[in-house]
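**Student:** Here is a sequence together with a model predicted from it:
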Amino acid sequence: MKKAEKLTAPARKMLCDAFDIAAELGAPFVDGSHLLLAVAADEGIPAAKLLAEYGFTEQSLSEPITAYAANGTSGQTPVLGFSESGRRIIARAALEAAKSGRASVAAEHILAGVLGERGCSAAGLLKSCGTDPSELAEELFGGARG
């Protein structure tokens, strides 16, 4: 994604929220856990509603993500951008949007990017709670992916 215009308004807000979360936790980069928490926090979007159906809400995710967070000082570390994993998630989100024929990347596509990033902390967190990220991704798009 080269331009912010390729993001829907909720997706832009979610990315801003992910940066705020990373800064609050003292992380130097936005990664999958920050993106996952930002999606869950926006209760009005379909991606957050699906996460909630699986028991993943802002409240339930905050504690484990905070515990996992880097040992930075809250608000003291400037967020420099996306981690390598975060960049792959955003690239995957753009691919998901293209696959679904959408001109803009929505929050659901970003969640799909998180779910598809096997090595990221967010996918590991979901697995540790007994949720298969692949199954969640399939349900995210109603079983009609690709």
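**Tutor:** Yep, it's here.
**Student:** which stretches of the protein form helices?
**Tutor:** Assigned by DSSP state H, the chain shows helices spanning 9-25, 32-41, 46-53, 58-68, 84-99, 107-116, 121-128, 133-140.
**Student:** any chance of those helices in TSV, plus mean pLDDT and mean neighbour count?
**Tutor:** Where C-beta positions appear, they are placed from N, C-alpha and C, glycine not excepted. Shown next, in TSV, are these (pLDDT from 0 to 100; neighbours: other CB atoms under 10 Å):
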stretch	mean pLDDT	mean neighbour count
helix 9-25	92	20
helix 32-41	94	27
helix 46-53	92	17
helix 58-68	86	15
helix 84-99	93	19
helix 107-116	93	27
helix 121-128	85	19
helix 133-140	87	16
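**Student:** Now do the contacts for Ala52.
**Tutor:** Ala52 makes contact with Ala40, Glu43, according to CB atoms under 8 Å, 6 or more residues apart in numbering.
**Student:** And it, how close does it get to Ala27?
**Tutor:** 24 Å (CB to CB, to the nearest Å).
**Student:** And for Val79?
**Tutor:** Separation of Val79 from Ala27 (CB to CB): 7 Å.
**Student:** what about the two, which has more around it?
**Tutor:** Between Val79 and Ala27, counted using other CB atoms under 10 Å, Ala27 has the larger neighbour count: 23 against 20.
**Student:** So the more buried one versus Ala107, what's the distance?
**Tutor:** Applying CB to CB, the value for Ala27 to Ala107 is 20 Å.
**Student:** pLDDT wise, what is Ala69 at?
**Tutor:** Looking at Ala69, its pLDDT is 64.
**Student:** oh, and call the first residue 551 from now on, that's how I've got it
**Tutor:** Sure, I'll start numbering at 551, so the last one becomes Ala619.
**Student:** check contacts around Pro596.
**Tutor:** Ala657, Glu658.
**Student:** so what's Ser635 closest to, chain neighbours aside?
**Tutor:** Cys670 (4.6 Å; CB to CB, 6 or more residues apart in numbering).
**Student:** number of nearby residues for that neighbour?
**Tutor:** 25.
**Student:** Pull up the per-residue confidence for it.
**Tutor:** Reading off the model, Cys670 has pLDDT 82.
**Student:** Phe579 is in contact with that one, correct?
**Tutor:** No: the pair Cys670 / Phe579 is not scored as a contact, 11.8 Å apart, by CB atoms under 8 Å.
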